[in-house]
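[1] for reference, the sequence and a predicted model appear below.
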Amino acid sequence: MATEIEVLGENTPRLSDREIRTFEEFVGEIRKRYGENWGFVFDLKDNIAQVLRCIYTDTHHSGLLPMRHIPIADNLSWRSMALSMDEPLFFDKFDLDDPRSFYLQRTIRPRQMAIFQVRRDSNLGLVSMFGLNETKAYLSQLDLTDIQALCQTLLPVYEKMVWRMEQDVLDQATRTIRQKETPIFITELFNRLLESPVLLLRRLDGNTYQAISQNGLEGEWESETLLFNVKRDKDQVFFLSEWGKITTSRAIPADQKLTGIVFKPGHHVLLCLGEVRLVGKTKDNLFHFIEQIEKLLQQKPYQISTLSFLLYLQHWIRSQERDIKIIFQHIIDTLVPFLSADYGTLALYSRERNRLMFVSQAGQFSNPLKDIPLADKEGTPTSISAFVASENKPYLVSDVRRDPYYRAFNPSIRSEMCAPIRVRGEVIGLFSVSSRELEHFSKQDLAKLEFYCDQIGIALFQAGILEKVFTETEEAKKLDQDFKFGFDTHTHAAEVTYNFGNLVGKPTGAMRQTFDAIHRINGSGREDLNVLITGETGSGKEMVSFALHNSSNRGKKPMVVTNFASFGGDPNLIQSELFGHEKGSFSGATHRRIGCIEQAHETTLLIDEVGDIVPSVQIKLLRVLQQGNVKKFQRLGGQETITSNVRILAATHQNLWQLVKEGKFREDLFYRLQTLVVRIPPLRERLEDIPLLAAHFSARYEQKVPGLKITWSNRAMQALEGYSWPGNVRQLEAVINRALVMFAEDGNMTEAAIEQSLAAEMHQRGNEQESGVGGTQLFRQVCDGGPNAFWGMVQQPYRQHEITHANLLALVREALTESKGSYKQAAAMMGIVDKDYNRFLDFLKNSRAKLDYREFRR
Ligand SMILES: Nc1ncnc2c1ncn2[C@@H]1O[C@H](COP(=O)(O)OP(=O)(O)OP(=O)(O)O)[C@@H](O)[C@H]1O
């Protein structure tokens, strides 16, 4: 018998001749093998509307199907049931009176029914077979397996159809959303989703409602007054159990039940006319929509917002845009807020390399986008995403601190979920989202995430840009290698090549220009150019120098650092520091000394606080800087010409131009240094970096205290973000460390711990300004500290910037006050033994802390 095929349903996409032929061949093959008496129905799963759409049936048996679509829900119908199963569903003696047969017309009485799944990862649709002849039709278990396999030949058509159908719905909705006001869009959307006429009402007061939009309803439904009782079912759905007074220009058809959904917290009511059953995924989706809509409707004027997430997702994927990074960024930007997550990442999985490439991120945090292997040497997954990639299953983590695969990058993250993006069953990527809240995501959220990932997979496949994804990401990865800013706190630290050292900063934030500058300088390969690094004290100038040095050809040798702030403006000392001196070249020059330019042969020299070099030495430095990398000079008091191949970097916290204007800095040297400038913004201009820095310092601290796991409360982080940080990153580090040592119990960083540490900080800074009180305290501590306490309690912390110059001055002032101007006695009080007395004086001199003793002789 010739097979005729009919397309059913208005919203069903049209089929090409080739697709029709595929179905015909399938039907022909089954009839050939199993007899002529089979009728067929082909259903497709519509993810957006959450219904089964009948796409074909053979004409002969078209009476089997009603035109309306079947909601996908357990036990609602045999077909929706079969959709949720892995195995074919088979009835030898089919019972037409079972309520689950509701969607089959009673005019035809099939004896047998078999429903098969067409599946890739999840079921895309069904093939139903109805045996109409009592005697002939019979299928064995073996036959079922055979037919199930045969059904897979339809897979390409099903995949294409799913795609086209979604396109179609989304296209229409996208057009609507662009053209119309939100209420109209909402009613259209619900009308489409629920396949029921809908009415959107706004509460005026009490129980008076006004209709603001309607769809699928005939007649006018204006300014209605409505009384209704809502019934709340156990899952929080509100149904209208009874209409109050409602005026319409048309009567409500008697055979239609009325159902309503009340928006939470409820200034709006969406009424659906007809039988709307909310079950399974449909309900989840609707809830999500309802919440979004409620938010949307509260805004004035009504505006389009995240409600359209799916539409925009599809829109971006189907647009002419072929830059995968842009597409991914749009996907993730849309979905992260929609999933009420604080952060999300999208990674690609390269099977050949067995690595994950993180390509986009969105949300409140930022992490270097890395390329990491799937497992470490022991075979343990390197992250939650890696675990999901290897298992090919979604994964929900309610508390990341208890998860073996979680790798912290931000201390505020508490829960996470991740799902694979698959194309033809193979994992090609991972989408993970995280939150600051414990147990933030539910199983339903995970199901949603999986659903979105399925959409992304289908879309990428259909858009035919997957190959491009991989090649482009490889290229991007090469570029990213140079941009490996940031840090990593735990095990995959070894993975990161710190071309920029441990320089932490949000690549998209205020540090962007600094990173760009470093990147450009590194990329230029011009190591003969002078680089000046500017930034306030503690902002990270030394770290930037290390970043420049480490990534240069000279990076294998250690960088030499000199700081002129400690030379008290003494020209001999400064010159000697730079060029070295011969024995006896000036009083105190008891030995030959090798200067730092010479020490830095074949490596880099950082001249810190270059603004502190006195003008008489500036001219000599200028001559050196003019020479290119190979410097020729003589030691102080020497005749021999020394050659050193050195790259010089200079840093300053001062405004050099101001010094030029004041006559303290040579203009020619100023211009020479200005060739390339890397500016580091103060921390107060990049508060977005604080969470990253906090995580970085916490991780460092954790390494020092085995077993300690530091946790951050949101409010603690906010307290950090609320301070102005005059001492920049160094001060932040000090505040965090102090809070950890003194105020945080078991590593719990609370707001109180931060507040206390900040209070101590402010107290100390206040003392510094008064230059005295802090000194008294420090002096007492040193005196009580026993022999040699001075070196450990003062000299070392001063060098490490843990105590400031003002603190040191205050200490010396206090010591001299106590000793009435005697340095000898002051030294003894502070535990300095005789043989170290000169060392003590030298230290004070070099630190510009050797005060005139005469002031204290009273
Ligand atoms: N971007 C950053 N990432 C991580 N740590 C940083 C960063 N910037 C600064 N730090 C930390 O802050 C401290 C001060 O940094 P650094 O010594 O580089 O500042 P500086 O500008 O050279 O200070 P100064 O002007 O006092 O010499 C260091 O201990 C470093 O660990």
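    Nice, I can see it. Numbering: from 1, shown residues only.

[2] burial count for the closest residue to Phe856 other than its chain neighbours?
    Excluding the flanking residues, the one nearest Phe856 by C-beta to C-beta, 6 or more residues apart in numbering is Gly821, at 3.6 Å. From N, CA and C alone the C-beta is placed, and that goes for glycine too. Under the neighbour criterion other C-beta atoms under 10 Å, Gly821 is assigned a count of 17.

[3] any idea how far Gly821 lies from Gly831?
    Counting by C-beta to C-beta, to the nearest Å, the gap between Gly821 and Gly831 amounts to 20 Å.

[4] now swap in Pro404 and tell me
    50 Å.

[5] same check on Ala408?
    Remark: distance between Ala408 and Gly831 (C-beta to C-beta) = 42 Å.

[6] could I get the phi/psi values of the residue of the chain found nearest the ligand?
    With C-beta to the nearest ligand atom as the measure, the residue in the chain that lies nearest the ligand is Gly540; the distance is 2.6 Å. Comment: the main-chain dihedrals of Gly540 come out as phi 110, psi 30, following degrees, to the nearest 10.

[7] my guess is it contacts Asn502. True?
    No - with contacts defined as C-beta atoms under 8 Å, Gly540 does not count as touching Asn502, sitting 10.0 Å away.

[8] show me the contacts for the residue of the chain closest to the ligand.
    By C-beta atoms under 8 Å, 6 or more residues apart in numbering, the contact list for Gly540 reads 503, 680, 728-729.

[9] which two of the residues you listed have the greatest separation?
    Taking C-beta to C-beta, the two most distant members of the contacts of Gly540 are Leu503 and Asn728; they sit 13.5 Å apart.

[10] immediately after the lowest-mean-pLDDT helix or strand in the chain, which helix or strand?
    Of all the helices and strands that make up the chain, the one with the lowest confidence by mean pLDDT, DSSP states H and E is strand 5-7; it has a mean of 35. Heading C-terminal from strand 5-7, the first helix or strand you meet, by DSSP states H and E, is helix 17-34.

[11] which strands and helices sit next to the next helix or strand after that following helix?
    Moving toward the C-terminus from helix 17-34, the next helix or strand (DSSP H and E) is strand 38-46. Taking 3 or more C-beta pairs under 8 Å, 6 or more residues apart in numbering; DSSP states H and E as the contact definition, the neighbouring helices and strands of strand 38-46 are helix 17-34, strand 51-58, helix 78-83, strand 123-131, helix 155-179.

[12] now the ones you listed as JSON lines including mean pLDDT and mean neighbour count?
    Putting the helices and strands packed on strand 38-46 into JSON lines (pLDDT from 0 to 100; neighbours: other C-beta atoms under 10 Å) gives the following:
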{"stretch": "helix 17-34", "mean pLDDT": "88", "mean neighbour count": "15"}
{"stretch": "strand 51-58", "mean pLDDT": "79", "mean neighbour count": "24"}
{"stretch": "helix 78-83", "mean pLDDT": "85", "mean neighbour count": "22"}
{"stretch": "strand 123-131", "mean pLDDT": "88", "mean neighbour count": "24"}
{"stretch": "helix 155-179", "mean pLDDT": "66", "mean neighbour count": "18"}
